[in-house]
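**Q** Here's a sequence, model it:
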Amino acid sequence: MTAPAFGGEVSEYYQRFRRGYPPEVADALVSACGLTRDDVVLDLGCGTGQLTRALAPRTGAVLGMDPEPDMLAEARRATAEPNVSWLLGADTDLGALTASIGPGRLGAVTVAQALHWMDHERLFAAARPLLRAGGGVVVVTNGEPLWLQDAAWSAALRQVLSDQLGVPLHRTCGTDTASQERYRDALSAAGYAVDLRVVDYSATLTVEEIAGGVFSAMSPDQLPPPASRPGFADRVRCAVEPHGPVVEHVRVRILTGVH
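**A** Residues are numbered from 1 along each chain as shown. Down below sits the predicted model:
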């Protein structure tokens with residue numbers, strides 16, 4: 001992964017405003033890898049633990065790993081599940097993890113909304129020694145960025161953000177079709193049996209949730225000064241409110257490579 005870019009206040013926004021996962025997502029993941037209460041799962045690039053916590057009641061233990069200490073600190077504060085542990089590390093540390101816990105110990109390695117920060121081909125190869133037979137690598141994409149959705153309110157938000165940052169916004173964070181196909185092909189080339197499951201859901205967003213979600217995707221140096229954030233939220237409100245209630249239609253893709 002790149003050098004930590006989600007510390008400080010960004011990690012607080014991440015914990016408060018990033019989308020969680022409906023139970024159907026965790027159920028689909030458990031089914032895809034045949035997870036049981038005897039299994040251990042590694043949630044790589046876990047952030048503040050949205051997927052980590054969703055998996056905890058369904059498996060024996062979950063290890064949440066992230067290279068940003070502030071993300072892990074927020075994750076610890078938000079987590080009550082006793083079978084969750086937190087590790088400071090990145091995808092490049094999988095070899096050391098294999099040496100530490102031994103081969104074949106994991107039922108799954110999950111990567112949710114973070115694979116675009118990683119060398120996915122190297123990751124898929126490095127994960128294999130960690131997995132038990134029938135376990136898998138799972139790439140979870142929790143919908144498109146707020147500013148790149150096929151809706152009038154999203155287009156209006158995109159313009160506000162482009163004006164704020166001074167650049168057009170195109171980065172899809174791995175949610176686009178080309179990236180998904182690239183991940184699928186790489187899993188297949190690495191010798192995994194590939195499967196795709198989809199969960200759709202909708203949610204109504206407030207202006208506070210939209211602004212907080214945007215702040216959670218910024219680096220610390222991109223965050224507006226605290227005194228300027230209410231003004232940014234007002235610009236978001238003026239942009240999106242003419243389009244009626246903001247309803248986000250989220251498509252969760254669960255791309256699994258089974259070992």
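
**Q** Not counting stretch 169-187 itself, show me its contacts.
**A** 113, 115-116, 120-121, 124, 137, 139, 141, 143-145, 147-148, 158, 161-162, 194, 196, 253, 255, 257 (Cβ atoms under 8 Å, 6 or more residues apart in numbering). Using the backbone N, CA and C atoms, a C-beta is placed for each residue, glycine as well.

**Q** for I210, what are its contacts?
**A** 146, 157, 236, 240, 246.

**Q** I'd like to know how far it sits from A61.
**A** 35 Å (Cβ to Cβ, to the nearest Å).

**Q** got the buried residues for stretch 21-31?
**A** 21, 25-26, 28-30 (16 or more other Cβ atoms under 10 Å).

**Q** mind saving the C-alpha coords of it as PDB?
**A** In PDB, the C-alpha atoms belonging to stretch 21-31 read as follows (Å, rounded to 0.1, in the frame of the first residue of the first chain):
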ATOM      1  CA  TYR A  21     -22.300  -3.700   5.200                       C
ATOM      2  CA  PRO A  22     -25.800  -5.200   5.400                       C
ATOM      3  CA  PRO A  23     -25.900  -8.800   6.800                       C
ATOM      4  CA  GLU A  24     -26.500 -10.200   3.400                       C
ATOM      5  CA  VAL A  25     -22.900  -9.200   2.400                       C
ATOM      6  CA  ALA A  26     -21.300 -11.100   5.300                       C
ATOM      7  CA  ASP A  27     -23.600 -14.100   4.700                       C
ATOM      8  CA  ALA A  28     -22.600 -14.200   1.000                       C
ATOM      9  CA  LEU A  29     -18.900 -14.000   1.900                       C
ATOM     10  CA  VAL A  30     -19.200 -16.800   4.500                       C
ATOM     11  CA  SER A  31     -21.000 -19.000   2.000                       C
END
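
**Q** Would you check the distance separating it from the middle of the chain?
**A** Relative to its chain's centre, stretch 21-31 lies at 14 Å (Cα atoms, centre = their mean, to the nearest Å).

**Q** So which of the buried residues of stretch 21-31 sit within helices?
**A** Per DSSP state H, helices hold the following members of the buried residues of stretch 21-31: 25-26, 28-30.

**Q** which one among those residues gets closest to P220?
**A** Nearest to P220 among these, counting by Cβ to Cβ, is V25 at 29.2 Å.

**Q** right, and the closest one touches I254 too?
**A** Yes: with contact defined as Cβ atoms under 8 Å, V25 counts as touching I254 (6.7 Å).

**Q** list residues touching both of these two?
**A** Taking Cβ under 8 Å, 6+ apart as the contact rule, V25 and I254 both touch 140, 199.

**Q** which ones among the contacts of stretch 169-187 are found in helices?
**A** 120-121, 124, 158, 161-162.
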